[in-house]
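K.L.:
heads up, no residue letters with this:
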């Protein structure tokens, strides 16, 4: 199996770095048909038409078409569909909202999140006596469990240090290792396994009693219980709990993980199920453009909830200046790029520190705070003007001075933006020839307005949008037209997208399936192709396998460490190893080998006919790959299918459904396994990898 995956992935790599796949499944002329030598070649338009035009829009403005989308847009009209996508508030999202209700923590502000699901920093403060534990009965068990784990880790570190200090050099490395293991085992006796009969008794309790019992367990007992649960038992443990009860159970094990897991799960739920697909695509665009790394510090996950929900998402299709100012005031951004710790060299606080140092030069002090240029640099280079935007290093320093005092109030407790006048650099600043008088926070607002309205910003943002929606090297004529719309509309993102949609460059025939999907686009499009369709019925109640798949493919959600975010260009994601990971995911998804994700491939055969690999491939191709695959891809899929299903002792050959067992249920199961393999191969095909 591994050899087959690697072979197919290598073929995919060649296909993906070559010319784009054909628009629809290849058709071949009859061998007897001849074209007169004097006949003029038929005219071929350079623009997409008909269904190709609809599929192109679906591939670029959504996370991938679902079965039935093509027909729905054909009936509605493509222009009307795009207009609806630009106005997401007009779309019915009741189904999505019902799914999002399972993530109640995602509606909380950072301060409440940190109180309900304490960070490691808060737990350490309580352990050190610097903070008090809440007395609420629903919160105290969560805090007590985490405190016990902190103390356990401290004891383990102390014991390890003592053991290393007390062990004399041993004659051999093996005996030294054995002595270490014996001492460690004696110092940390294993927790006895949780009795299986008690597990069954707990699972049989009504939800409220089950919750109460788990809340009374001490940390060692609870951890032993949790580790003893098999996957089916864990599913039974939470199956009939309310969303808040589920959060409580998960928080007993790891409160910080509740926030991180729900943050990723709600994001993927929106990407897969939202009717406002352009809004989700643009939310992803801006989260990447204004990147904030999830693990910058222990508070960042809590701030990212509000950052996405209250800043990025509501403004994703609005005015760029509004979005720029909102991100500049965001605690998530101020902490990520260190502006919260920036202090003017001549600010009141800096002057007081200088006076103290002069009075007592021998006093031991922590490293002094000072001007931090991180955010100022990325604000100009990555958020607005671009690397060639006409600014200098002196301008970066002056921007950093303008933004001193933009900080966060009590970040460890989820505080909000705060302008601290005492840390602000006084005096007039000059950025790119424009003077900013000493006006406190208003200096920063004037600066952001200047940056948002610069022609360089219009071109930089327009080019990034064109790369995302058109091609890795978009035509300059298109970028210039989008930039002109940006400036004339006051930075209206919807207007810029409208200019892109109505441009001939976007609809050029050679742009069809010309972009390689990023891992996020691939995973979500595969889920969308398999979910809520007329031809298949998928239950996707667990987003964690998708989260894990994105990590394995090198694109974890909120996981880009540098401020640049992820690169959307094909060269970043096309390699044999990366495509093996994609093929692994596609096969596991189609074969129902991902936990709590079930996909059914219902039979659709003509009465009296016998299913064959060819007929099943044709049926599944129509369901999964909008626009079809090429003849060469189809042949490769069937060849790989034959190799995987043929008996090992005989050459590869087609296995028709007629060879199924005589028992009807066994025959149905065998056919379903064949369908799963064919579906996985199609989801891993070059055509599906492109958009």
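P.N.:
Looks like it came in fine. Nothing here was measured: the structure is a model prediction, and the numbers come from that model.

K.L.:
where does the stretch 501-650 of the chain have low pLDDT?
P.N.:
In the predicted model of the stretch 501-650 of the chain, residues 532-540, 602-609, 647-650 satisfy pLDDT under 70.

K.L.:
oh sorry, the question was meant for the stretch 351-500 of the chain
P.N.:
For the stretch 351-500 of the chain (pLDDT under 70), the answer is 362-368.

K.L.:
show me where it has its strands.
P.N.:
406-408, 417-419, 429-431, 434-436 (DSSP state E, counting those that start in this stretch).

K.L.:
quick one: contacts of stretch 429-440?
P.N.:
390-391, 395, 398-399, 401-402, 405, 419, 421, 424, 426-428, 443, 446-447, 450 (Cβ atoms under 8 Å, 6 or more residues apart in numbering). The way it works is simple: take the backbone N, C-alpha and C, and place the C-beta from them, glycine included.

K.L.:
enumerate the positions of that stretch that are buried.
P.N.:
Judged by neighbour count using 16 or more other Cβ atoms under 10 Å, the buried positions of stretch 429-440 are 429, 431-432, 436.

K.L.:
TSV for these, including distance to residue 103?
P.N.:
As requested, the buried residues of stretch 429-440 are exported to TSV (distance: Cβ to Cβ, whole Å):
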residue	distance to residue 103
429	43
431	42
432	43
436	42
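
K.L.:
distance of the residue nearest the centre of the chain relative to residue 525?
P.N.:
Geometric centre of the chain, nearest residue: residue 557, 3.0 Å, by Cα atoms, centre = their mean. Going from residue 557 to residue 525 by Cβ to Cβ, to the nearest Å gives 16 Å.

K.L.:
point out where the stretch 51-200 of the chain drops to low pLDDT.
P.N.:
Applying pLDDT under 70 to the stretch 51-200 of the chain picks out residues 168-191.

K.L.:
could you list the domains of this structure?
P.N.:
Following automatic domain parsing, one finds the domains of the chain at 2-20+515-689, 46-85+474-512, 94-158+190-273, 278-354+370-452.

K.L.:
now those domains as TSV including distance to residue 466?
P.N.:
Formatted as TSV, the domains of the chain follow (distance: least, Cβ to Cβ, whole Å):
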stretch	distance to residue 466
domain 2-20+515-689	11
domain 46-85+474-512	4
domain 94-158+190-273	22
domain 278-354+370-452	12
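
K.L.:
tell me the most buried of these?
P.N.:
Mean neighbour count (mean count of other Cβ atoms under 10 Å) peaks for domain 278-354+370-452 among the domains of the chain, with a mean of 20.

K.L.:
coming back round to it: and the buried residues of stretch 429-440, which is closest to residue 372?
P.N.:
residue 429 (15.6 Å; Cβ to Cβ).

K.L.:
I'd like to know the beta-bridge partner residues of the closest one.
P.N.:
With DSSP bridges applied, residue 429 shows beta-bridge pairing to residue 436.

K.L.:
quickly note the distance from it to residue 438.
P.N.:
8 Å.

K.L.:
and residue 445, by the same measure?
P.N.:
With Cβ to Cβ as the criterion, residue 445 and residue 438 are 14 Å apart.

K.L.:
in what helix or strand does the closest residue to residue 587 other than its chain neighbours lie?
P.N.:
Excluding the flanking residues, the one nearest residue 587 by Cβ to Cβ, 6 or more residues apart in numbering is residue 680, at 3.6 Å. Secondary structure assigned from DSSP states H and E places residue 680 in helix 664-683.

K.L.:
now do whichever helix or strand comes after that helix: which elements does it pack against?
P.N.:
Of the helices and strands lying after helix 664-683 in sequence (DSSP H and E), the nearest is helix 686-689. Secondary-structure packing of helix 686-689 (3 or more Cβ pairs under 8 Å, 6 or more residues apart in numbering; DSSP states H and E): helix 2-17, helix 519-530.

K.L.:
secondary structure class for residue 562?
P.N.:
coil (DSSP: H, G, I helix; E, B strand; the rest coil).

K.L.:
ok, now which ones touch it?
P.N.:
If you count contacts by Cβ under 8 Å, 6+ apart, residue 562 has them with residue 291.

K.L.:
show the backbone phi and psi for it.
P.N.:
phi -80, psi 160 (degrees, to the nearest 10).

K.L.:
how near is it to residue 200?
P.N.:
50 Å.

K.L.:
still on that earlier bit, for residue 346, find the nearest of the strands of the stretch 351-500 of the chain.
P.N.:
Between those, strand 429-431 lies closest to residue 346; by Cβ to Cβ that is 11.7 Å.

K.L.:
do a quick rundown of the helices in the stretch 451-600 of the chain.
P.N.:
455-469, 476-488, 493-501, 519-530, 544-552, 570-573, 576-590 (DSSP state H, counting those that start in this stretch).

K.L.:
with the stretch 101-250 of the chain instead?
P.N.:
Under DSSP H, counting those that start in this stretch, the stretch 101-250 of the chain gives helices at 110-116, 120-127, 140-166, 173-187, 196-203, 207-216, 219-228, 231-239, 243-253.

K.L.:
could you check how far stretch 145-160 is from the centre of its chain?
P.N.:
33 Å (Cα atoms, centre = their mean, to the nearest Å).

K.L.:
contact partners of it?
P.N.:
With Cβ under 8 Å, 6+ apart, stretch 145-160 has contacts from 118, 120, 123-124, 126-127, 133, 184, 187-188, 218-220, 222, 252-253, 255.

K.L.:
at 7 Å instead, please
P.N.:
Outside stretch 145-160, the residues that touch it by Cβ atoms under 7 Å, 6 or more residues apart in numbering are 118, 123-124, 126-127, 187-188, 219, 222, 252, 255.

K.L.:
residue 443 touches residue 402, doesn't it?
P.N.:
Yes - with contacts counted by Cβ atoms under 7 Å, residue 443 reaches residue 402, the gap being 4.8 Å.
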